[in-house]
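**Student:** Any chance you could fold what I've pasted below:
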Amino acid sequence: MGEEFGVDVGRVWVVVFAAVLAMVFAEFLVFRVWFRSPEGTTELYVVSENGSAVFPGSVREGDVVRVVVGVRNLEGERCEYVLVAVLECGGGVEVLDCRGLVLDDGERWEEVFEAVAPGEDFRLSFRLYRGSSLDVGKLAEVEPYREVHLVFRVEDACLVL
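**Tutor:** Residues are numbered from 1 along each chain as shown. Below you'll find the predicted structure:
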């Protein structure tokens, strides 16, 4: 097929394949380089130990809640962060963990985090701050760069009237 017209079919397929590859590469350049946000971004995420975004709606007092907390730097440069884990329960706020992170562009950090369920409903918050210095005593005065909350109902919690 094609010989009666003097066309090398194999060569045509090579040219078509090369053209498709060139279009895919051009699309990559357009969307990844030209339209990239100049400000960049940072991802803060929380997933369950098996990697899903499904968490138990309720736990029992004393249960250990395990989640994977992750930070991914897409800022276009090396960045310093402070990650703070906070437990909010009964109107009180307790800082469970505070750690500094330094991530290169494109680098991801993940770690399993554990918290023990108190005797009443609670909120577990992960707050990410940009920069390397943070006065933990003044958390309420500083707006986090990124923040994620998980709300848990505690079974058998008593209401005091």
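**Student:** Where does V15 fall, secondary structure wise?
**Tutor:** Under the criterion DSSP states H and E, the helix or strand holding V15 is helix 9-29.
**Student:** Show me the beta-bridge partners of L101.
**Tutor:** Y81 (DSSP bridges).
**Student:** Hmm, R108 and it touching each other?
**Tutor:** No: in this structure, L101 is not within contact of R108 by CB atoms under 8 Å, at 10.7 Å. Heads up, the C-betas are built off the backbone N, CA and C, glycines and all.
**Student:** Common neighbours of those two, please.
**Tutor:** With contacts defined as CB atoms under 8 Å, 6 or more residues apart in numbering, the residues shared by L101 and R108 are V71.
**Student:** ok, these two, which is more surrounded?
**Tutor:** Using other CB atoms under 10 Å as the criterion, L101 and R108 rank with L101 on top: 16 against 12.
**Student:** Contacts only, for that one.
**Tutor:** Contacts of L101 (CB under 8 Å, 6+ apart): V71, E80, Y81, V82, L83, W109.
**Student:** And those residues, which of them are buried?
**Tutor:** By neighbour count, with 16 or more other CB atoms under 10 Å, these hold V71, Y81, V82, L83 as buried.
**Student:** one step back: next SSE downstream of the helix holding V15?
**Tutor:** strand 41-47.
**Student:** Identify the neighbouring strands of that next one in the sheet and state each direction.
**Tutor:** Going by DSSP bridges, the partners of strand 41-47 are strand 64-74 (antiparallel).
**Student:** Find the nearest non-adjacent residue to E80, please.
**Tutor:** The shortest distance from E80 to any non-neighbouring residue, by CB to CB, 6 or more residues apart in numbering, is to S132 (4.2 Å).
**Student:** Oh, that last question was meant for V68, not what I typed.
**Tutor:** V47 (5.0 Å).
**Student:** any idea how far the one you found lies from E110?
**Tutor:** Going from V47 to E110 by CB to CB, to the nearest Å gives 9 Å.
**Student:** coming back round to it: reformat the buried ones among the contacts of L101 as TSV; add pLDDT.
**Tutor:** TSV is the format used below for the buried ones among the contacts of L101 (pLDDT from 0 to 100):
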residue	pLDDT
V71	97
Y81	94
V82	93
L83	95
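**Student:** Kind regards, and thank you for your time.
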